[in-house]
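Student: sequence first, then the predicted structure, then my questions.
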Amino acid sequence: MPTGALITFSLNILSALVALLTSYYAYRFNRLVEITVLRAISLGFMLLGVGLLLDAGTSLFTGRTLVESYAERVFVLFATFAYLTVQMVAYLVIAVGYSRAAYGGGRAKMALPAALVGSAAISLYDFSLLSYFVSLILLTFIVFQGFLLHSGRSNRFSTMVLLAFGLIFAAHLVLLLSVLSLGTGLFLIGIGVQFLGFLSLLVFVVRSEVVGAG
């Protein structure tokens, strides 16, 4: 397997495990304190973990084969579309959770562009560009709402979550630039920063469960 594919596979596996652990601990913590954002994070990161495992399997598959047959190309195309779609849905779930926490309603439901309808008909490059752009828009909303919630009722949990999503936002900005420039180095930096954001959120959620959210 090429070095770049091996790094991508390793970071995706680690990020998937951290995302699933974050989902689990957020679910446990939410049972104690009943925070809308925690419930959304739990579901969203479960989806992210599953999606990253799928993407890791795809990168492993493409790294070990030349993807020459039609069936192999269809598999890779389907798996990539599935991962990018799951990623957008995961961030939409978290954005809706923040919207409900901030407004008591579902305003973020409008954040998923109509461009997703029939998006499977466009090219893989265009869909990758669309998915990272949509994810970046949703993360912008999440970070902004997190900042508003933090300003309104600042506590340790809101600060930690805001910092973690700030890292994830930065990661997706780099990933979007990597798609625009077709830069492998930028892509690896992006998924590396994403892993740090996931890991930060996991540490924060675990610590908050132990010492409380106040």
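Tutor: Thanks, I have the structure now. No experiment lies behind these values; they were computed from the predicted model shown.
Student: who touches residue 194 in this structure?
Tutor: 11, 15, 167-168, 171-172, 175 (C-beta atoms under 8 Å, 6 or more residues apart in numbering). (C-beta placed from N, C-alpha, C; glycine too.)
Student: using JSON lines, please lay out the residues you listed together with pLDDT.
Tutor: JSON lines is the format used below for the contacts of residue 194 (pLDDT from 0 to 100):
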{"residue": "11", "pLDDT": "87"}
{"residue": "15", "pLDDT": "92"}
{"residue": "167", "pLDDT": "92"}
{"residue": "168", "pLDDT": "93"}
{"residue": "171", "pLDDT": "92"}
{"residue": "172", "pLDDT": "91"}
{"residue": "175", "pLDDT": "87"}
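Student: closest to residue 40 out of those residues?
Tutor: residue 168 (14.1 Å; C-beta to C-beta).
Student: can you tell me how far the closest residue to the closest one other than its chain neighbours is from residue 33?
Tutor: Counting by C-beta to C-beta, 6 or more residues apart in numbering, residue 168 lies nearest to residue 197, which is 3.7 Å off, once chain neighbours are set aside. To residue 33, residue 197 is 22 Å away according to C-beta to C-beta, to the nearest Å.
Student: looking at the two, which is more packed in?
Tutor: residue 197 (23 against 13; other C-beta atoms under 10 Å).
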